[in-house]
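*Asks:* My questions are about this predicted structure, shown below with the sequence.
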Amino acid sequence: MKFQAPKGVSEYFPDRSIAFETVRRELIRPAKLAGYKLLELPIFEDTELFTRGVGESTDVVSKEMYTFEDRGGRSITLRPEGTAGVMRAVIEHGLDRGQLPVKVWYSGPYFRAERPQAGRYRQFYQVGIEAIGLDDPAIDAEVIAIASAGYRNLGLRKFRLDITSLGDAASRAAHRIDLVTFIAKLDLDEATRERVKLNPLRIFDDKRDPIIAMLRNAPLLIDYLTKESAAHFVKVKEYLDALGIAYTINPRMVRGLDYYTGTAFEFVHELLGAQSGIGGGGRYDGLMESLGGKNLSGIGFGLGIDRTLLACEAEAIDLTKTSRPDLYVIPLGENAKNFAIKFIDDLRNGGAIVDCAYGDRALKGAMKGADKSGAKYALVIGGSELASGIGELKNMETGVASSVTLSAINSALLK
RNA sequence: GUGGGCGUAGCUCAGCUGGUAGAGCACCCGGUUGUGGUCCGGGAUGUCGCGGGUUCGAGCCCCGUCGCUCACCCCA
């Protein structure tokens, strides 16, 4: 029996794991700069939180959840997305009692039992933020700007931002009547008809050309916005313009989760395959109340770490440089090793990245190790260095070595 | 859940009309005393995904099975 990882999970190991770590850090950074605070939540929750929060009509709930019964007979589900859990925590612990909005960020694994393919995994990673309790369009723009900054920090260029407004309940009710009437006249197959019954908007998600053609003159939700919703959307666009963030209005955009209202957005990368959405989010003004909390509005996003990493790779962005050692130490003999252990520890405590050729390797092999580690400098410590206190610090890039007093080597010198 | 492609050394792959496995990269050792990258020499490595069948003989053919992968669906 040879063990394998479960189907469809993503795993990261060197050197790709270094890039993964960088992606996560850079996507989080703009949120921290904007005052969002970490929320660390469980990866499993009461199943009903998701069926009510995400929506029964979604594929996520109807066929993609990892659900099981725990030993107490409770129905538990591995979280398929982050927002519902945040709402639960905010309501349960009264985080919304202080100043609004509540601004939080979070990151971790999510689970959906889908058939895997490029950029789609059963366990995948996201960075998310939520701003709860403020319906000012400026916060919509802030959330979008934070996501956009994360991608730009990484050096990504070949992506676009799609935005639309799904309006408030009144907007959607008016549109739904006309859309259902329109769809009823179309010649659709059984499966599509069934799918659309629960949420007619999903018809716009169809990728088949004949269907897309049929929808050319379909009524668009964005044309049914109430005065308030329309005004809100106008302000969001103005703020994005002021921020210099380019966007495309996409009135046919469909979000996968039912709780979205008003502003909705998606970041789409040009070089990825079928799974090209690297992040998305929107407003969810009725969610909190529907989960038993106060009637507070909210907006947030989820950014896919796995897909963002794929996007960086597609754009040939190297994210592995940061973790290469500053110094690679090669001790020769037991006395040198005794000295090196403390010498290295001091440098590390000073903030330098230091690796060492332990294991009494031959000098030549150890030098190869230094080379492969990508270290900036190599330092051999043997009998003569111990006796004189002076070593040859070799710059691995230029090949030039210079005499340095060992006691003078510190992290600043190596950086 | 549906469909296509693919499963041979750690990685990428070759293996002609069936005759009991190869390359490159990576790895280890060496090229006369303590300094890497290039070059040269040497070395280790596989139940050819798994099970069954056909055959004197199967990595190659047939059946099944598992897995990976890409796409549909859907989405991060």
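*Replies:* Done, it's in. Please read all numbers here as calculations on a predicted model, not as lab measurements.
*Asks:* With RNA strand B as the reference, measure out to the closest residue to residue A:222 other than its chain neighbours.
*Replies:* Closest residue in space to residue A:222, ignoring its immediate chain neighbours: residue A:251 at 4.1 Å, by Cβ to Cβ, 6 or more residues apart in numbering. C-beta here means a position set from N, CA and C on the backbone, and glycine is covered the same way. Residue A:251 sits 16 Å away from RNA strand B, taking Cβ to the nearest atom of the strand, to the nearest Å as the criterion.
*Asks:* likewise residue A:410?
*Replies:* 20 Å.
*Asks:* Based on its surroundings, how many neighbours for the closest residue to that residue other than its chain neighbours?
*Replies:* Leaving aside its sequence neighbours, residue A:410 sits nearest to residue A:350 (Cβ to Cβ, 6+ apart; 5.7 Å). Using other Cβ atoms under 10 Å, residue A:350 is surrounded by 15 other residues.
*Asks:* what's near enough to touch residue A:350?
*Replies:* Residue A:350 makes contact with A:410-412, according to Cβ atoms under 8 Å, 6 or more residues apart in numbering.
*Asks:* Check residue A:165 too.
*Replies:* A:221-222, A:225, A:229-230, A:232-233, A:236, A:262-264.
*Asks:* Could you point out which residue ranges in the stretch 301-415 of chain A have low pLDDT?
*Replies:* For the stretch 301-415 of chain A, residues meeting the criterion pLDDT under 70 lie at A:322.
*Asks:* so what's the closest residue to RNA strand B within it bridging to?
*Replies:* Closest residue of the stretch 301-415 of chain A to RNA strand B, Cβ to the nearest atom of the strand: residue A:304 (2.3 Å). Following DSSP bridges, residue A:304 is listed with bridge partners residue A:126.
*Asks:* now it: how far from residue A:11?
*Replies:* 16 Å (Cβ to Cβ, to the nearest Å).
*Asks:* Which one's more surrounded, the two?
*Replies:* Looking at residue A:304 and residue A:11 with other Cβ under 10 Å, you find the greater number of neighbours at residue A:304, namely 26 against 10.
*Asks:* how much space between that one and residue A:358?
*Replies:* 39 Å.
*Asks:* What is the burial count for residue A:112?
*Replies:* Neighbours of residue A:112 (other Cβ under 10 Å): 20.
*Asks:* need the contact list for the closest residue to it other than its chain neighbours.
*Replies:* The shortest distance from residue A:112 to any residue other than its chain neighbours is 4.3 Å, reached at residue A:64 (Cβ to Cβ, 6+ apart). Shown in contact with residue A:64 (Cβ under 8 Å, 6+ apart): A:80, A:112-114.
*Asks:* go with 6 Å
*Replies:* Each residue near residue A:64 by Cβ atoms under 6 Å, 6 or more residues apart in numbering is listed here: A:112-114.
*Asks:* Check what pLDDT it gets.
*Replies:* pLDDT, residue A:64: 88.
*Asks:* Repeat that for residue A:98.
*Replies:* Listed pLDDT for residue A:98 reads 89.
*Asks:* Could you check which helix or strand contains whichever residue of the stretch 151-300 of chain A sits closest to RNA strand B?
*Replies:* When scored by Cβ to the nearest atom of the strand, the stretch 151-300 of chain A has residue A:256 as its residue closest to RNA strand B, at 2.0 Å. Assigned by DSSP states H and E, residue A:256 belongs to no helix or strand.
*Asks:* before we move on, what about residue A:267?
*Replies:* Assigned by DSSP H and E, residue A:267 belongs to strand A:261-269.
*Asks:* So which elements touch that strand?
*Replies:* strand A:159-165, strand A:277-283 (3 or more Cβ pairs under 6 Å, 6 or more residues apart in numbering; DSSP states H and E).
*Asks:* who in the stretch 151-300 of chain A is up against RNA strand B?
*Replies:* Contacts of the stretch 151-300 of chain A with RNA strand B, taken as Cβ under 7 Å from any atom of the strand, map to A:195, A:202, A:205-208, A:254-257, A:266, A:273-280.
*Asks:* Next: the stretch 1-150 of chain A.
*Replies:* Residues of the stretch 1-150 of chain A lying near RNA strand B by Cβ under 7 Å from any atom of the strand: A:4-8, A:58-60, A:64, A:81, A:112, A:114-121, A:124, A:126.
*Asks:* Quick one, which of the residues you listed are buried?
*Replies:* Neighbour-count burial (16 or more other Cβ atoms under 10 Å) applied to these gives A:8, A:58, A:60, A:64, A:81, A:112, A:114, A:119-121, A:124, A:126.
*Asks:* Spell out which parts of the stretch 301-415 of chain A neighbour RNA strand B.
*Replies:* Counting by Cβ under 7 Å from any atom of the strand, the stretch 301-415 of chain A sits next to RNA strand B at A:302-304, A:306-307, A:332, A:361-365, A:367-372, A:378, A:380, A:382-385, A:391-392, A:394-399, A:401.
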